[in-house]
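Participant: any chance you can model this:
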Amino acid sequence: MTSAEQQRLNDADRTGVPWRRWGPYLSERQWGSVREDYSPGGDAWNYLTHDQARSRAYRWGEDGIAGISDDRQLLCLALAMWNGHDPILKERFFGVTNSEGNHGEDVKEYYFYLDGTPTHSYQKMVYKYPQREFPYDDLVSTNRSRGRDQFEYELLDTGVFDEERYFDVEVEHAKAGPDDILVRITVHNRGPSPASLRLLPTLWFRNTWSGTPESRPGLFQMPGITGAAVAEARHPELGRRWLLVQGEHQLLFTDNESNDERFGGGPNASPFVKDAIDRYVVHGEKEAVNPALTGTKLAADITLDIPAGERVVVRLRLTDEPVPAEAVRERLGPIFEETMEQRRREADEFYDERLAAGLSAEERRMVRQAMAGMLWSKQYFGYDVEAWLAGHGRDPLDAGNIRNGEWYHLIADDVISMPDAWEYPWFAAWDLAFHTVAFSLIDLTFAKRQLDLLLSRRYLHPNGQIPAYEWNFGDVNPPVHAWATYLVYELDKARHGHGDRDWLATAFHKLAKNFTWWVNRKDMDGRNVFQGGFLGLDNIGVFDRSAPLPTGGHLDQADGTAWMALYCQNMLQIALELAQDDDPSDHPATTLDRTKVLPTYVEQAQTYVEHFAWIAAAVDHPGRASMWDEDDGFFYDLLRLPDGGAVRLKVRSMVGLLPLAAATVFDARVSSRYPEIIDEANRFLAAHPSVRAALPEGRFEGRPGIHLLALFDETRLRRILSRLLDEDEFLSPYGIRSLSKFHDAHPFEFDVGDARFRVAYTPAESDSGMFGGNSNWRGPIWFPVNALMIRALLNLYAGYGDDFTVECPTGSGVHMTLFEVAREISNRLTRIFLPGADGRRPCYGGQDVFAREHWRDLITFSEYFHGDNGAGLGAAHQTGWTGLAAVFPVLFARVSGPDLLEHGLSGIFEAMREEES
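Facilitator: This is a model prediction of the structure:
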């Protein structure tokens, strides 16, 4: 039986019912972003600060607390509140900037995403708001004074939560219809004494009318209604909406216009400005709001007096249906509660349908909250680069030296899955690929559309480059888009019984353009060895890999080359899948002679086979310095010096493990269906003896009938795995570390003149300022690369079978198949979020508060995790690629090793489909 939420998805995808129109698309931080930066020098953090954000109208987006908006962010609804002590209204989450934080920018608030469905028919989050004055100045000054060798100073450290003196502000949204949204706000006083809260639910229009006043929208009070406050919203595109607020509360009106006078910018364009509600509530300026009860921003002023340990419920409704005055109270009464509870039950039913039956209660809680975080982090992202350049007075065709000046074609106006709604409120190319894999558990259509987005003509550069991220679209992220595309396609095919070939073919042709960009731009001397720069791994190298090297010369990158080898394998997988439609044997009337003419996609497949062979040969070219170190049994970056010399940079890191990720299995069906591929590969090798000489026998052989493409043979694989699975090197109790613990006692050092460069095992926050210092790849555990390690192990298991076993952990005497090793790593990753024997979750690093009643079941999915104890680090609320935590337990609860060996890798997807049904 189809669940109600699945039916909503079907209606949205098949018949266009706009169930996705409204969602949590309101950012948690718009200030300090590149889009809002119009400074001459590109100093985004200081051009528009948190202090200025309440007074200056944004140009490209909006932000708020527990907010929702339509999918173009024209109309926004979020919370503001005041505890009676703060110097400003709490309208947006606070955090320190890159220059203020001792480990980079970081939000200094506690909020948790608890639930959500793909159509946002039900969602829930909670914000913990202190009852004492919020310590803004203390957080900034203390963090700024601390060095990189010290812990970050967090809100809990200030003592503001002592004696449990805080409010839990729970926010739930439910949809009675696509444009009829119920909002239930439950405020708990967790403290020992009665406490008051001014709650100010706020409705406003994004300022899109500057320079075009004829399109200006408006908000208006509806008079003569008892038991509720009602406002009408009118917008030239959205039409009419009504906000219903339970109780006879005052509505405060102003305009979403900048208060230029506050910053000495001359007279204001409007007498009623963006910060008027803050001035009215906090500072008692009664004249700040519009007495005419109209404007483009309003807040309902609700005073709550809450006894100790008690709670108060506030109800709102944003609807496109006109509500007669006599029916307003009814729409906020029992019908409201019935609908809210029905949507909550439907969310339970949806996840019961999607999650594996074998999960424990705690695993289900973890998966559910991981997906809630993914859903709440879908944000509207608007950025027309040409218009932005014009705002800087630059000619887009000759922009000069300005950030993103070469990306004048890019026009973003979309809902996108963000890496983190506060710290990284903009898309990142490789993050987004991993997000789509997690989203595939619950919303394949959204996953496919996200993959489409960065390949669309509005985003993809005419030269074929995929934009990296807002701070520098021209930077380079790892090319994982093809991997995610093929995986999402297979999941889609398994769920529905057939693949979306049109979608796959469209993606393939655009990916081919991007692949060509890599070959032309990142293979410096045409040797099939690649130099991608930092490749998303920030400070992992001894040098900044995106900057000119202090030695001169360039790097042959083990990870860059591995990414391209994997790219070849993924494109080969897609080509072979599409070739099934192009095969003349499927069309008896064809006159094509298979011995002379290859089908289109078979020809493409052969191209990627040959690309891979050239790369594999270059990795281990006889007579040349190689990235493989025979003494260490590991891959390293190779420093090419200006005099022609070469030095291996012997840092045991994820850089050297990523060649393991470039392992893909093709079963006997490839040989039988397309024997010409094998024949052509043999002819290619015969024609290029240098390539054959560089590829040891057995490099591409696994079990009988299995073709294994990899950058290593079995002997080298065992040597790599002995380090990967060594608990004194890469294998942490909580997953695979990004840097070997070997470097704790043996730091890598490299001298250039009088300068010494050093890499040491640093399991927590970064001690380096490289790439801003807010992320660390010198020891912590990162979920995206762990996912690729698990994928590689499953492919290698499919290739070698049960006869291939290794010690896991190394030296333990316990031997496992590679399937069991993959499952073991998955279990260790999942352990980060589950209560241990002491009831504590490792992700919280032993902090006592998270063992308390109202904290212990609230989980965040951080950017990365401590290499030894699993504590969450980096962006505290980032669920982006860490949302993969939801995938691993579901996968291994549904799929066994025998399934995989019997049916091949496709057996994973078939088994998942059978388990769901």
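
Participant: so what's Ser626 up against?
Facilitator: 619-620, 638 (C-beta atoms under 8 Å, 6 or more residues apart in numbering). For the C-beta atoms, the positions are set from N, CA and C on the backbone; glycine is no exception.

Participant: let's see 10 Å
Facilitator: Residues near Ser626 by C-beta atoms under 10 Å, 6 or more residues apart in numbering: 529, 556, 618-620, 635-636, 638, 646, 648, 694.

Participant: of those, just the buried ones, ChimeraX syntax please.
Facilitator: With 16 or more other C-beta atoms under 10 Å as the burial test, the buried ones among those are selected in ChimeraX as follows:
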select :529,556,618,619,620,635,636,638,648,694
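
Participant: please convert the contacts of Ser626 to a markdown table, extending it with pLDDT, secondary structure and distance to Thr817.
Facilitator: Listed next are the contacts of Ser626 as a markdown table, based on pLDDT from 0 to 100; DSSP: H, G, I helix; E, B strand; the rest coil; distance: C-beta to C-beta, whole Å:
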| residue | pLDDT | secondary structure | distance to Thr817 |
| --- | --- | --- | --- |
| Val529 | 94 | coil | 33 |
| Asp556 | 94 | strand | 34 |
| Ala618 | 92 | helix | 31 |
| Val619 | 90 | helix | 27 |
| Asp620 | 81 | coil | 27 |
| Phe635 | 97 | strand | 24 |
| Tyr636 | 97 | coil | 29 |
| Leu638 | 95 | strand | 33 |
| Ala646 | 93 | strand | 38 |
| Arg648 | 95 | strand | 32 |
| Ala694 | 78 | helix | 30 |
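
Participant: columns distance to Ala575 on top of the contacts of Ser626, output as TSV?
Facilitator: As requested, the contacts of Ser626 are exported to TSV (distance: C-beta to C-beta, whole Å):
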residue	distance to Ala575
Val529	24
Asp556	28
Ala618	22
Val619	22
Asp620	25
Phe635	27
Tyr636	32
Leu638	31
Ala646	35
Arg648	35
Ala694	24
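
Participant: which of the contacts of Ser626 sits closest to Asp857?
Facilitator: Proximity of the contacts of Ser626 to Asp857 (C-beta to C-beta) peaks at Phe635, which lies at 42.1 Å.

Participant: so that closest one makes contact with Leu724?
Facilitator: No: judged on C-beta atoms under 10 Å, Phe635 makes no contact with Leu724 at a distance of 11.9 Å.

Participant: which neighbours do these two have in common?
Facilitator: Going by C-beta under 10 Å, 6+ apart, residues that sit against Phe635 and also against Leu724 are 656-657, 660.

Participant: just the ones of those residues in helices?
Facilitator: Among those, the members found in helices (DSSP state H) are 656-657, 660.

Participant: for the residues you listed, which one is nearest Asp413?
Facilitator: Leu657 (38.7 Å).

Participant: count of neighbours near the closest one?
Facilitator: For Leu657, the neighbour count with other C-beta atoms under 10 Å is 26.

Participant: distance of it relative to Tyr111?
Facilitator: According to C-beta to C-beta, to the nearest Å, Leu657 stands 35 Å off from Tyr111.

Participant: swap in Arg331?
Facilitator: Distance from Arg331 to Tyr111, by C-beta to C-beta: 29 Å.

Participant: what segments of the stretch 1-150 of the chain are strands?
Facilitator: 22-23, 65-70, 75-82, 95-96, 106-107, 110-116, 122-130 (DSSP state E, counting those that start in this stretch).

Participant: of the ones you listed, which is nearest Gly839?
Facilitator: strand 110-116 (18.0 Å).

Participant: re the thing from before, just put the shared contacts of Phe635 and Leu724 in CSV and tack on distance to Ile416 and pLDDT.
Facilitator: Formatted as CSV, the shared contacts of Phe635 and Leu724 follow (distance: C-beta to C-beta, whole Å; pLDDT from 0 to 100):
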residue, distance to Ile416, pLDDT
Gly656, 32, 97
Leu657, 29, 98
Leu660, 31, 97
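
Participant: save these as CSV, and put in distance to Ala387 too.
Facilitator: As requested, the shared contacts of Phe635 and Leu724 are exported to CSV (distance: C-beta to C-beta, whole Å):
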residue, distance to Ala387
Gly656, 44
Leu657, 43
Leu660, 45
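
Participant: can you show me the CA trace of stretch 851-865 as PDB?
Facilitator: Provided in PDB are the C-alpha atoms of stretch 851-865 (Å, rounded to 0.1, in the frame of the first residue of the first chain):
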ATOM      1  CA  ALA A 851      23.500  13.100  28.600                       C
ATOM      2  CA  ARG A 852      20.700  15.100  30.200                       C
ATOM      3  CA  GLU A 853      17.000  14.400  29.700                       C
ATOM      4  CA  HIS A 854      16.200  17.200  27.200                       C
ATOM      5  CA  TRP A 855      19.500  16.800  25.200                       C
ATOM      6  CA  ARG A 856      20.400  13.200  25.000                       C
ATOM      7  CA  ASP A 857      18.200  12.200  22.000                       C
ATOM      8  CA  LEU A 858      19.100  15.300  19.900                       C
ATOM      9  CA  ILE A 859      21.700  14.400  17.300                       C
ATOM     10  CA  THR A 860      23.800  16.700  15.000                       C
ATOM     11  CA  PHE A 861      25.800  15.500  12.000                       C
ATOM     12  CA  SER A 862      29.000  17.500  12.000                       C
ATOM     13  CA  GLU A 863      31.300  18.300   9.100                       C
ATOM     14  CA  TYR A 864      33.900  15.800  10.400                       C
ATOM     15  CA  PHE A 865      34.800  13.800  13.500                       C
END
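
Participant: can you give me the mean pLDDT across it?
Facilitator: When pLDDT is averaged over stretch 851-865, the result is 96.
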